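> Pasting a predicted model and its sequence here:
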Amino acid sequence: MHINYWAVLAGGIITFLLGALWYSVIFPKQWTSAVEKSEEELKKLNQPSNYFYTFILGLITSYILAHIILYLGVNTMSEGIEIGIV
């Protein structure tokens, strides 16, 4: 078996998009209060490199998960769900 690199890329993109939605659309006020910074302070820290690193880390996470799935011999959706829960 081999790793599906298109799936790894899709996983990285989906991770990036879910993070963007989570922190900017769904829970922005809760997040800013949790990190104890104002929106102005966060805008100063908002650099393109942060988005690049976040995307790269999503790709790495997807790649590692693909290796775990390959190593464990996951072949069915129920086994995949079980790995996802763990």
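Yep, that arrived.
> okay, and for this structure, where does confidence drop off?
Residues of the chain meeting the criterion pLDDT under 70: none.
> center of it - which residue?
Thr15 (2.9 Å; Cα atoms, centre = their mean).
> which residues does that one contact?
By Cβ atoms under 8 Å, 6 or more residues apart in numbering, the residues touching Thr15 are 58, 61-62. From N, CA and C alone the C-beta is placed, and that goes for glycine too.
> ok, for Lys37, nearest residue in space, not its chain neighbours?
In space, and not counting its chain neighbours, Lys37 is closest to Leu45: 8.0 Å by Cβ to Cβ, 6 or more residues apart in numbering.
> buried residues in stretch 10-24?
Using 16 or more other Cβ atoms under 10 Å as the test for burial, stretch 10-24 gives 11-12, 15-16.
> And the next helix or strand past the host helix or strand of the residue nearest to the centre of the chain?
Assigned by DSSP states H and E, Thr15 falls within helix 5-21. Sequence order places helix 28-34 as the next helix or strand after helix 5-21, per DSSP H and E.
> Touching that following helix from outside, list them.
With Cβ under 8 Å, 6+ apart, helix 28-34 has contacts from 23, 38-39, 42.
> That one: how far from the chain's middle?
19 Å (Cα atoms, centre = their mean, to the nearest Å).
> same check, this time on stretch 63-71
Stretch 63-71 has its C-alpha centroid displaced from the chain centroid by 15 Å (Cα atoms, centre = their mean).
> Check which residues of it are buried.
By neighbour count with 16+ other Cβ under 10 Å, stretch 63-71 contains the buried residues 63, 66, 69.
> Helices - which of the residues you listed land there?
Among the buried residues of stretch 63-71, DSSP state H puts 63, 66, 69 in helices.
> nearest to Met1, of the contacts of helix 28-34?
Among these, Tyr23 lies closest to Met1 (Cβ to Cβ), at 35.3 Å.
> Can you give me the separation between the residue nearest to the centre of the chain and Asn46?
Note on Thr15: its distance to Asn46, by Cβ to Cβ, to the nearest Å, is 19 Å.
> Likewise for Gly73?
Per Cβ to Cβ, Gly73 is found 42 Å from Asn46.
> One more: Met1?
Separation of Met1 from Asn46 (Cβ to Cβ): 41 Å.
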